[in-house]
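Participant: Using only what follows, build the 3D model:
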Amino acid sequence: MAVVNVGVPFTNGEKCKEIGTKHGDNNPSERQLKHMASSGSLCEIAQCVDSSKCSNHDSVDIKKFKASPAYIQASADKKDCLDKAAKDGNGMKGLGGYEIQYCQYDKD
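Facilitator: Numbers count the residues shown, from 1 in each chain. Take a look at the predicted model:
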């Protein structure tokens, strides 16, 4: 398994790492995405989407997401990325799993 350290602080002081090429059973769950979005860190949500455990094409309500630990603990740059993604919509109503993953990994 290839793991890339992208240098993003994780909530317990560790660095957030991309999953690499191991993507689970490719049976992503919308329910798991919504659960993680309400209780997980931004890193945990991105890893869940990256590993195909959480759906990348379903969305979460941005108003509810803004009250989550993931959003509250995110850096200003990541919050800007998440807000822009939710505003742009990209054909979704809310914030998509792939948008959360993008903002975590690609917007350092």
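Participant: Only C-alpha atoms from now on, for both contacts and neighbour counts.
Facilitator: OK.
Participant: pLDDT averaged over the longest helix along the chain - what is it?
Facilitator: Secondary structure assigned by DSSP state H gives helix 76-88 as the longest helix of the chain. Mean pLDDT, helix 76-88: 92.
Participant: what's that helix packed up against?
Facilitator: Contacts defined by 3 or more CA pairs under 8 Å, 6 or more residues apart in numbering; DSSP states H and E place helix 76-88 against strand 95-96, helix 97-106.
Participant: Could you single out the most deeply buried of the ones you listed?
Facilitator: The highest average neighbour count among those, using mean count of other CA atoms under 10 Å, belongs to strand 95-96 at a mean of 26.
Participant: which residues are in contact with that one?
Facilitator: Under the contact criterion CA atoms under 8 Å, 6 or more residues apart in numbering, strand 95-96 has outside partners Asn56, His57, Asp58, Ser59, Val60, Asp61, Ile62, Leu82, Ala85, Ala86, Gly89.
Participant: If we use 10 Å, what do you get?
Facilitator: 33, 37, 55-63, 65, 82-90, 102 (CA atoms under 10 Å, 6 or more residues apart in numbering).
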